[in-house]
Structure formats: C-alpha cells, structure tokens
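Engineer: Need coordinates for the following:
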Amino acid sequence: MRTKHPFPETQLAGLAKQFREAAGKSKVDAARELGVAAPTIFNAEERPEMSLTKIRVRLIEAYSPFKVVGPVFFLQRK
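Structural biologist: Next comes the predicted model:
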C-alpha cells in the first residue's frame with residue numbers, strides 16, 4: 001500500500017474495515033476495545049458519507065502499522 005499520497009476522507013472507511021478484518025477482529029471486538037457502541041463501528045465502516053473521521057482514524061491506527069496524519073485540504077479554482 002502506498003503511504004505517500006493523500007487519501008480522501010471517504011476512503012478512510014474502507015481502509016478502517018480492511019485493517020480491522022485483516023487483524024481478525026469483529027465489529028463487536030473493535031467496539032469493545034475502542035470503547036464505543038457496535039453500531040458506531042458499523043457506521044464508520046459502511047457509511048462513508050457520515051462524519052466519523054475520528055473513529056476511522058482510531059480503527060486504522062489500532063489495527064494497522066500506520067499512523068494517520070491529516071487532515072489535508074487542497075484549494076481548487078472554481
């Protein structure tokens with residue numbers, strides 16, 4: 001996986017799910033370990049349109065060798 005390019009915020013949902021599953025953790029396990037409700041994990045992974053960036057970052061950092069650095073915003077001319 002490349003780590004030198006920015007990921008859009010909506011892509012963090014898929015990465016969070018990918019790393020949690022690769023770590024062999026269920027949504028219930030992750031919820032218990034992170035101190036949140038199981039539906040929060042579901043929403044963080046399955047509903048990228050929801051603003052759950054903090055929990056996605058916690059999932060990625062808990063279940064992968066990566067640290068999330070950001071946010072990065074770019075301005076684009078209209």
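Engineer: Pull the contacting residues for the residue most central in space within the chain.
Structural biologist: Centroid-nearest residue in the chain: R56, 2.7 Å away (criterion: C-alpha atoms, centre = their mean). The neighbourhood of R56, defined by C-beta atoms under 8 Å, 6 or more residues apart in numbering, consists of 12-13, 15-16, 44-45. C-beta: built from backbone N, CA, C; applies to glycine.
Engineer: again, 6 Å this time
Structural biologist: R56 sits next to 12-13, 16, 44 when contact means C-beta atoms under 6 Å, 6 or more residues apart in numbering.
Engineer: from what I can see V28 touches A38, true?
Structural biologist: Yes - in terms of C-beta atoms under 6 Å, V28 counts as a neighbour of A38; the distance is 5.2 Å.
Engineer: one step back: now do the residue nearest to the centre of the chain against F42, distance only.
Structural biologist: 12 Å (C-beta to C-beta, to the nearest Å).
Engineer: one step back: from the neighbour counts alone, determine which of V28 and A38 ranks first.
Structural biologist: Shown here are V28 and A38; by other C-beta atoms under 10 Å, A38 has more neighbours (14 against 11).
Engineer: Looks like that one contacts A31 (just checking).
Structural biologist: Yes - with contact defined as C-beta under 6 Å, A38 and A31 form a contacting pair (4.3 Å).
Engineer: Look at the residue nearest to the centre of the chain and tell me its secondary structure.
Structural biologist: Look at R56: counting by DSSP: H, G, I helix; E, B strand; the rest coil, its state is helix.
Engineer: Okay, it and A62: tell me how far apart.
Structural biologist: Remark: distance between R56 and A62 (C-beta to C-beta) = 11 Å.
Engineer: Please apply the same query to T10.
Structural biologist: Note on T10: its distance to A62, by C-beta to C-beta, is 20 Å.
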